[in-house]
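Engineer: could you work out the structure for the sequence below:
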Amino acid sequence: MTVAFELEQPATLEFGIYDVAGHRVATLHRGPHAAGTQRFVWDGQDATGRAAPSGVYLVRIADGVSGGMKKVVLAK
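Structural biologist: Now for the predicted structure:
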């Protein structure tokens, strides 16, 4: 699953995947990014490298000041 978005200015981001109960499933990236189009790929694995089950997940992107979440469906 690929998530793409536009950054208007450089920022330090945290990109994570959460289950619907709010538990972190995986952290895909933490660190600085330049302005422009950003792409993150989730391979469907949790933080331990196991395949996450099919279901609804929340993609969270935050910069330390603000953030946003979007529901996604992982179907296998």
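Engineer: which helices and strands does the one helix or strand in the chain whose mean pLDDT sits lowest pack with?
Structural biologist: One helix or strand of the chain scores below all others by mean pLDDT, DSSP states H and E: strand 2-7, with a mean of 88. If you count contacts as 3 or more Cβ pairs under 8 Å, 6 or more residues apart in numbering; DSSP states H and E, strand 2-7 packs onto strand 36-41, strand 55-62. Just so you know, the C-beta spots here come from the backbone N, C-alpha and C atoms, and that holds for glycine as well.
Engineer: hmm, who's touching the helix or strand following that strand?
Structural biologist: Note on strand 2-7: by DSSP states H and E, the next helix or strand toward the C-terminus is strand 11-19. Applying Cβ atoms under 8 Å, 6 or more residues apart in numbering, the contact partners of strand 11-19 are 3, 7, 24-33, 38, 40, 42, 52, 55, 57-64, 69.
Engineer: 6 Å - rerun?
Structural biologist: With contact meaning Cβ atoms under 6 Å, 6 or more residues apart in numbering, strand 11-19 is reached by 24-30, 32-33, 40, 42, 57-58, 60-63.
Engineer: adjacent strands (with direction) for it?
Structural biologist: Sheet pairing for strand 11-19, assigned by DSSP bridges, gives strand 24-33 (antiparallel), strand 55-62 (antiparallel).
Engineer: from Ala35, how far off is the nearest residue in space to Gly22 that is not next to it in sequence?
Structural biologist: Leaving aside its sequence neighbours, Gly22 sits nearest to Leu58 (Cβ to Cβ, 6 or more residues apart in numbering; 7.8 Å). Remark: distance between Leu58 and Ala35 (Cβ to Cβ, to the nearest Å) = 25 Å.
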